[in-house]
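Undergrad: need a structure here:
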Amino acid sequence: MLASRLSKQLKERETNRWVMHASRLSKQLKERENNRWVMHVNLPERIATLNIRADVEKIQEFAVLCGVKTEGLEFFLFQKSLQT
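TA: Reported below is the predicted structural model:
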């Protein structure tokens, strides 16, 4: 009788432990959901034509927009790539 009661208590404790873990996991998942950020960005599209034979200043402005250094080999290669 004592062994039966002890076995029953152990099963109840194990069940309670699983219920507590499930409850804690559910709370953690809900907190993670609440901490998420969603960002929607609507960037306007700007389109402009560029005369490839344009002066160096215009090409330098375009290089700056593209993140290319406006001096040295990098700019020279950028300028050549526009002409091909």
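Undergrad: Find the least confident helix or strand in the protein, judged by mean pLDDT.
TA: Least confident helix or strand, the chain: helix 2-35 with a mean of 76, by mean pLDDT, DSSP states H and E.
Undergrad: How many residues are close by Val56?
TA: Other residues near Val56 number 11, with proximity taken as other CB atoms under 10 Å. C-beta here means a position set from N, CA and C on the backbone, and glycine is covered the same way.
Undergrad: what do you get for the one 5 residues further on?
TA: Using other CB under 10 Å, Glu61 is surrounded by 13 other residues.
Undergrad: And it, how far from Arg13?
TA: According to CB to CB, to the nearest Å, Glu61 and Arg13 sit 73 Å apart.
Undergrad: now swap in Glu45 and tell me
TA: 63 Å.
Undergrad: Pick out whichever of these two has more residues nearby.
TA: Neighbour count, other CB under 10 Å: between Glu45 and Arg13, Arg13 has more, with 10 against 4.
Undergrad: quick one: pLDDT of the residue nearest to Ile59 when sequence neighbours are not counted?
TA: Of all residues not flanking Ile59 in the chain, Gln79 sits nearest, at 5.7 Å (CB to CB, 6 or more residues apart in numbering). The predicted structure scores Gln79 at 85 on the pLDDT scale.
Undergrad: what do you get for Asn51?
TA: 68.
Undergrad: cool, Leu73 as well?
TA: 90.
Undergrad: Share the number of residues neighbouring it, please.
TA: For Leu73, the neighbour count with other CB under 10 Å is 8.
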